[in-house]
Structure formats: structure tokens, C-alpha cells
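Undergrad: sequence? don't have it. structure:
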């Protein structure tokens, strides 16, 4: 179901609603790292502020949407993306978020005209509430990471990136795994795919050790974007087959990565988006000399900048 051919077809359907986000290629010495090329995919410039917009449009355009509209649970970015896609397409949307969702993401959901419900402390609580609403209302559930259309949409990032840059390795932030699964389906074994997770939410690391998706702790600085209880069932076989490595990084390393990207490039990332870069900055991944390393900066829905 989740194949390169499917990703190409999906891009043909959703491409007109997306931005082709840019790539910055820089020598890693700019970040006081080794002598390798760092290629940053600036998906934080995507419409609605994150890569989640790809999966949101894929769901709303590839599946029939009932009169009751769509419903989604989200730590924040998926909700923003679904609300935005629904607004663009003239569909009703109800979004459930947990209390850890950032004020910036909550504001963007409201600004898109979706109905918003804050339910529970973590993503799993919001998901349960959204499933109850779908059952009672007839709304179409749009899962943040465990839905074929979601993975196909996220895989279009790989299609686009491959046209923009030649890579040896790609570092990808992982929460539920929709982005990693989509990129794995696109690239397969044609480069080294490395999953990067917060130490406070090691969902894929735990799943790979257990041989199946299992629950892990879910917290930390990136809890509003990278902390479901477990990875998706659909992405897991792709990760088993194509993940070259999984890396865990601390909250402190993620904060440092946010700061370094700002200091060096004047680019603002939310914590989840800086997680892949944190693997380099904390030297959890040491590229060889001359290696071309891609890093997905996945979202920027944050209030981190003070323009006073």
C-alpha cells in the first residue's frame, strides 16, 4: 500500500496545495562540527508550519469526506495541518489536543476555523477522545501517523528532497513514525536512514528492541510533537527493514540544537524539529569526512521568538 508508486500518485494529487520547501547546503564547519556537508530540508516553511500538511491533504483528497467532516487528535502540528487543509477544501474539522500542546499550535488551529477540544494530558488521551467523537458523529478520523494516506503524504517529502539534493545519509525526527515511514517507503535502501528520538520518548527504539510496537514513556521538551505512546503499526515494518540506526538525544541536546540553528542560520525551529540536528550537535552521529548528511527540520509552530 505504501510504495514509491503510491507516493508519486499522491504527490500528483496534493502537490498543488504544498510548498516546495527549500534546501540549504552548508559545510558542517559552520556549526563547529566535522568536515562533511550538512543539507537542511526546511520543511518548517511548509504551509501550516510543518511536514504534517502533506499527510493532511493526502487524507482529505484521497478519502471520501462525509458531511460531518473530519476529526483528528494531535499534539499540535497534525491538528494545525488538518485544520488548515479542511479550511482550504471547505470541510468541517474538529481537533482534539492534550494539555501539553503549545499555545502557538492551539492558536493556529483556532485561526483555521476548526472546532478545538483540549482533552487529557498526553496525545493518547486526545486520541481516545477523538475516536469517541468519530464514532458518535460519523466524522472521518485522520490519524496523525498510522494511516496509509498519512504515510503516502509524508513520503512526498522524500520525492521532493531527492530532486533537490544528493544524500548519503538522512537524519529524521521520530514520534509516531509517519514521516520516517513515508521516507523509508520512498528511499528504501538507497541511502542510510537514521531515526532520531528524544530520550524521553523512545518509541521506535523500544519497538525495534521488542520486535513490535510497544508502549514507551512519553514526555520531555518535544512532547507536543514527538511523544505518542508507541509508533504506528503501518510504519513499523518499514522501519524494521530500512532504518540503519536509531539514536536517542537528550532534552538538553535538543535545546542546544535549537539555539545553534538560530545562531548560525537565523532559522527558528520547534523542539521536535531540532531533534534530528541534535544527533549531530551532540555527536551521537559522527559523519565521515565528505559525507553528505541530510537533516529534516520538520516544523516551526512555536512562540520562541521575541521581536521586541
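TA: Yes, it's here. Because the structure is predicted, anything quoted here is derived from the model rather than measured.
Undergrad: now do the helix or strand harbouring residue 273, average pLDDT.
TA: Using DSSP states H and E, residue 273 maps to helix 271-281. The predicted model assigns helix 271-281 a mean pLDDT of 93.
Undergrad: I'd like the next helix or strand past it.
TA: Trace forward from helix 271-281 with DSSP H and E and the next one is strand 292-297.
Undergrad: could you tell me the angle between the helix holding residue 273 and strand 292-297?
TA: Angle, helix 271-281 to strand 292-297, by axes from the mean of the first three to the mean of the last three C-alpha atoms, to 10 degrees: 160 degrees.
Undergrad: any idea which helix or strand of this structure has the worst average confidence?
TA: Here the helix or strand of the chain ranked lowest by mean pLDDT, DSSP states H and E is helix 103-111, holding a mean of 89.
Undergrad: ok, and what's touching that one?
TA: Under the criterion C-beta atoms under 8 Å, 6 or more residues apart in numbering, residues 48-49, 74-77, 79-80, 83-84, 95, 97, 116, 118, 224, 301-303 lie in contact with helix 103-111. (Each C-beta comes from the backbone N, C-alpha and C, glycine too.)
Undergrad: also stretch 152-162?
TA: Contact with stretch 152-162 is made by 2, 6-8, 10-11, 14-15, 18, 20-21, 23, 41, 43, 51-52, 54-59, 62, 167, 170, 178-179, 181-183, 185-187, 294, 296, as judged by C-beta under 8 Å, 6+ apart.
Undergrad: just checking, what packs against the helix holding residue 273?
TA: Helix 271-281 sits against strand 169-173, strand 192-198, strand 243-249, helix 251-265, strand 292-297, with contacts defined as 3 or more C-beta pairs under 8 Å, 6 or more residues apart in numbering; DSSP states H and E.
Undergrad: least confident of those, on average?
TA: helix 251-265 has the lowest average pLDDT among the helices and strands packed on helix 271-281, namely a mean of 93.
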